[in-house]
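Visitor: Quick one: sequence plus predicted model below, questions after.
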Amino acid sequence: MTGKLVTTDVLVIGGGLAGERCAIEAAAAGHEAVILSLVPPRRSHSCAAQGGMQASLANCAKAAGDNATVHFLDTVRGSDWGADQEVANIFAEEAPVAVRELAHFGVPWSRVRGGKNHYFIKGEEVDIEEALENDGLIGQRDFGGTAKWRACYAAAGTGHAALYAVDSEVVRLGISVRDRAEAVALIHDGSRCVGAVVRDLRDGSHFAVMAKATVIATGGYGRIYGQYTSNATINEGTGTSIALDTGIVPLGNMEAVQFHPTTLSPSGILVTEGCRGDGGYLLDKNMERFMVEAEPEKQELASRDVVSRHMQQRMRDGLGVESPFGPHLWLDIRHLGEEHLRTKLLEVWDICRDFVGRNPAKELIPVRPTQHYSMGGVRVNKDGQAYGLSGLFAVGEASCWDMHGFNRLGGNSLSETLVSGRVVGRRVAEYASGHELRTDTGLAFDALAAAEQRAAAWLARSGSGPSVYEIRDAMGETMMHKVGIFRTGDELDEAVAEIGQLLDDCDHAVLRCKDPGVNPELAFALRLKGMLRLAMTVAKGAQARTESRGAHYRSDFPLRNDRDWLSRTLVRWSADDSEPSFSYEPTGIIDLPPGHRGYGSDERIEMTNSLENHNEGVQEEQVRHGRLPSAEEMGSRLNRGAWKAVTG
Ligand SMILES: Cc1cc2nc3c(=O)[nH]c(=O)nc-3n(C[C@H](O)[C@H](O)[C@H](O)COP(=O)(O)OP(=O)(O)OC[C@H]3O[C@@H](n4cnc5c(N)ncnc54)[C@H](O)[C@@H]3O)c2cc1C
């Protein structure tokens, strides 16, 4: 690609698992596809995924009886009834195909061993006989919030194995990859999106890619929590942010932010849930297994939101282990033994030794909860089509599809990237087949000029304003301490005021390095305002949602409120407006009625509307909020009432 303007059929912004899988589908249908990525695709954040990928294969003894309906049930319960149940069902039905497809692409899945197997369950050693005929099938381990062992894994390097395999397919199909290239604005005419303006991170130049269909697959935005995240430094939410800038496309459920229970203290590097799935447990400073009393049924394997809250409370109660970096708790996996750690949890073995200098077969691991996953993102319909702008799609963590609702289950994200990549990729291909790229190139040149002007304006600033990194660090402190695991109205008010101040500061920040080319400070400065705007949508969304649901916990409104809040938050905020505007759409067609999740609190404010009434208005309401028509009628992929056969 050379020149200021290039064209293609499908532009995929993001070279992680979701973007690459989507591009494969478009290319396989005969379309020219271009993938953009900040880094070489194999360094995308998907590569860091550790413990597993959920799919109801029912391959091992503890997975017996599993099927898509059980997976659907777990996912909806995990979401605390925040998920779109039709999307959760599509996901659960297609996940087994996605896992088997990965085997075909070359992922070396850990396998079932027929005969006697030694496991740890709820702290007890047990021997379980795996059927000899299952020997060699894709293995599965336990994860939080699930009724069955369902997480397929490649040791603790599942994302690494999956991304390398999928990227090899991208290479095989000859899909163009433009790495070290950042989409900085979408090109659109108010009703259709026709590509993006891109900044070349190698030399600071800009170019435009015009496309029939554009896909945002830019991953999560954990870095708005500064150092308090397990996410890579590239997870700054730029893709989500440029969708928000349009003022047309809404983001969904931004206040739904996941905190993972076990990240290394102090670095925040993840220690997979697979450790607890394989029998590891949590201890406080008195060596007490507090989760047994807190959650007698699921113990350490309740959902992440529930476990993180118990851990945080334990530390608030003074039962954390004091350290120069603040309190932490212990994760104990010593009893699993060195052989297990060096095979099924190999990456954890390495991480503990490399980053805290501890041998996890002999020593305890210092852990505490940290920001981990963004349930919110670009709101899309079941085809992955963004609300409001035709030709714009979103997949993976950047999207709010929305199968996770207010809490994602461990292992459901890797599956989502592959399933949504397949499902949405098909729709993207259909869209590209049915639409021509006939549009005014002036749109692209105007957007290009605006992007060049933004970069030049940053370089032209002078004086003694704050540094962009000071603003970033302050944002992280505010987000973790005031928009964190426990939230209150007063702290959220403070957070909104502080982020507002940081937005003002951002307008006066000054760069230390004025080089227009390879200049990481400039590249970051160009993202900072977008990050602050995302942070504001999270804080304001949390301020407005006066209930607790999944990972969004309001200490001043501790109950889930199905009477008033069976709704998804939508937020729009054009780049020219000073304030975001919020609206709420009904959650989706509900088949599984709201109830107890099976862990956490059983107290809630019951819905007073009947399910029939709730469901009746959903489609019209969502259309009113910008939902575009999907290829198949809304609700047609919901396997209505199937859950009754499972729950009795
Ligand atoms: C440490 C860790 C472990 C995890 N383990 C698991 C697990 O075991 N199981 C599970 O299910 N989930 C796990 N997750 C979550 C899961 O890995 C992610 O949610 C998922 O991989 C996200 O994939 P993605 O394709 O949506 O985005 P990513 O893999 O984050 O890819 C985003 C891509 O977008 C590109 N990009 C970003 N912005 C721009 C831009 N403006 N222009 C151009 N390109 C851009 C990036 O370069 C990158 O290529 C884990 C997450 C973490 C942090």
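Guide: Received, thanks. Predicted, not measured: the structure shown is a model, and the values here were computed from it. Numbers count the residues shown, from 1 in each chain.

Visitor: burial count for residue 321?
Guide: Neighbours of residue 321 under the rule other CB atoms under 10 Å: 18. For glycine as for every other residue, the C-beta is placed from the backbone atoms N, C-alpha and C.

Visitor: Just to check, it is in contact with residue 285?
Guide: Yes. Using CB atoms under 8 Å, residue 321 and residue 285 qualify as a contacting pair, with a distance of 4.6 Å.

Visitor: joint contacts of the two?
Guide: residue 329 (CB atoms under 8 Å, 6 or more residues apart in numbering).

Visitor: okay but residue 49 is in contact with residue 155, surely?
Guide: No. When contacts are counted by CB under 8 Å, residue 49 is not listed as touching residue 155 (11.9 Å).

Visitor: Now do the helices in the stretch 51-200 of the chain.
Guide: Secondary structure of the stretch 51-200 of the chain (DSSP state H, counting those that start in this stretch): helices at 68-78, 85-105, 158-172.

Visitor: can you put the ones you listed in JSON lines and add distance to residue 187?
Guide: Listed next are the helices of the stretch 51-200 of the chain as JSON lines, based on distance: least, CB to CB, whole Å:
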{"stretch": "helix 68-78", "distance to residue 187": "35"}
{"stretch": "helix 85-105", "distance to residue 187": "28"}
{"stretch": "helix 158-172", "distance to residue 187": "24"}
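
Visitor: out of these, deepest packed?
Guide: Each of these was assessed for mean neighbour count using mean count of other CB atoms under 10 Å. The highest is helix 68-78, with a mean of 25.

Visitor: Can you list the neighbours in contact with that helix?
Guide: Outside helix 68-78, the residues that reach it (CB under 8 Å, 6+ apart) are 54-56, 83, 85, 88-89, 91-93, 95-96, 145-148, 150, 303, 403-405, 407-409, 412, 550, 592, 597-598, 639, 642-643, 645-647.

Visitor: For burial, what's the neighbour tally of the residue in the stretch 151-300 of the chain positioned nearest to the ligand?
Guide: Nearest residue of the stretch 151-300 of the chain to the ligand: residue 219, at 2.4 Å (CB to the nearest ligand atom). By other CB under 10 Å, 31 other residues sit near residue 219.

Visitor: Contact partners for the closest residue to it other than its chain neighbours?
Guide: Closest residue to residue 219 in three dimensions, ignoring its sequence neighbours and counting by CB to CB, 6 or more residues apart in numbering: residue 397, at 4.8 Å. Applying CB under 8 Å, 6+ apart to residue 397 gives the contacts 16, 18, 219-220, 373-374, 377, 413, 416-417.

Visitor: Now secondary structure too, for those residues, in TSV please.
Guide: Formatted as TSV, the contacts of residue 397 follow (DSSP: H, G, I helix; E, B strand; the rest coil):
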residue	secondary structure
16	coil
18	helix
219	coil
220	coil
373	strand
374	strand
377	strand
413	helix
416	helix
417	helix
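
Visitor: Emit the PyMOL select command for whichever of those are buried.
Guide: Applying 16 or more other CB atoms under 10 Å to the contacts of residue 397 leaves a buried subset, and the PyMOL line that selects it is:
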select buried, resi 16+18+219+220+373+374+377+413+416+417
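
Visitor: Return the set of residues that bridge with residue 258.
Guide: Beta-bridge partners recorded for residue 258 (DSSP bridges): residue 373.

Visitor: Tell me the confidence at it?
Guide: Looking at residue 258, its pLDDT reads 98.

Visitor: burial count for it?
Guide: Considering only other CB under 10 Å, residue 258 is surrounded by 27 other residues.

Visitor: pLDDT value on the residue of the stretch 151-300 of the chain closest to the ligand, please?
Guide: For residue 219, the predicted pLDDT is 98.

Visitor: Isn't it up against residue 235?
Guide: Yes. Taking contacts as CB under 8 Å, residue 219 lies within contact range of residue 235: 5.5 Å.

Visitor: what touches both of those two?
Guide: With CB under 8 Å, 6+ apart as the test, residue 219 and residue 235 both reach residue 45.

Visitor: max-length helix in this structure?
Guide: Counting residues, the longest helix found in the chain (DSSP state H) is helix 520-544.

Visitor: What segments of the stretch 401-550 of the chain are helices?
Guide: With helices called from DSSP H, counting those that start in this stretch, the stretch 401-550 of the chain shows them at 412-434, 441-460, 468-482, 489-508, 520-544.

Visitor: quick one, which of these is nearest to the ligand?
Guide: helix 412-434 (3.4 Å).

Visitor: lowest average confidence, helix or strand, in the protein?
Guide: helix 643-647 (a mean of 90; mean pLDDT, DSSP states H and E).

Visitor: Output stretch 198-212 as PDB - backbone C-alpha positions only.
Guide: Taking Å, rounded to 0.1, in the frame of the first residue of the first chain, the C-alpha atoms of stretch 198-212 are listed here in PDB:
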ATOM      1  CA  VAL A 198      -4.500   5.600   9.900                       C
ATOM      2  CA  ARG A 199      -1.400   6.900  11.500                       C
ATOM      3  CA  ASP A 200       1.800   5.100  10.600                       C
ATOM      4  CA  LEU A 201       3.600   4.600  13.900                       C
ATOM      5  CA  ARG A 202       7.000   4.200  12.100                       C
ATOM      6  CA  ASP A 203       7.100   7.700  10.700                       C
ATOM      7  CA  GLY A 204       4.100   9.600  11.900                       C
ATOM      8  CA  SER A 205       2.500  10.000   8.500                       C
ATOM      9  CA  HIS A 206      -1.200   9.600   7.900                       C
ATOM     10  CA  PHE A 207      -3.100   7.700   5.200                       C
ATOM     11  CA  ALA A 208      -6.800   6.800   4.600                       C
ATOM     12  CA  VAL A 209      -8.100   3.300   3.900                       C
ATOM     13  CA  MET A 210     -11.600   3.300   2.300                       C
ATOM     14  CA  ALA A 211     -13.500   0.100   2.500                       C
ATOM     15  CA  LYS A 212     -16.900  -1.300   1.900                       C
END
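
Visitor: From residue 494, how far out is the nearest residue to residue 248 once chain neighbours are set aside?
Guide: Of all residues beyond its chain neighbours, the one nearest residue 248 is residue 388 (4.2 Å), with distances taken as CB to CB, 6+ apart. Using CB to CB, to the nearest Å, one obtains 32 Å as the distance from residue 388 to residue 494.
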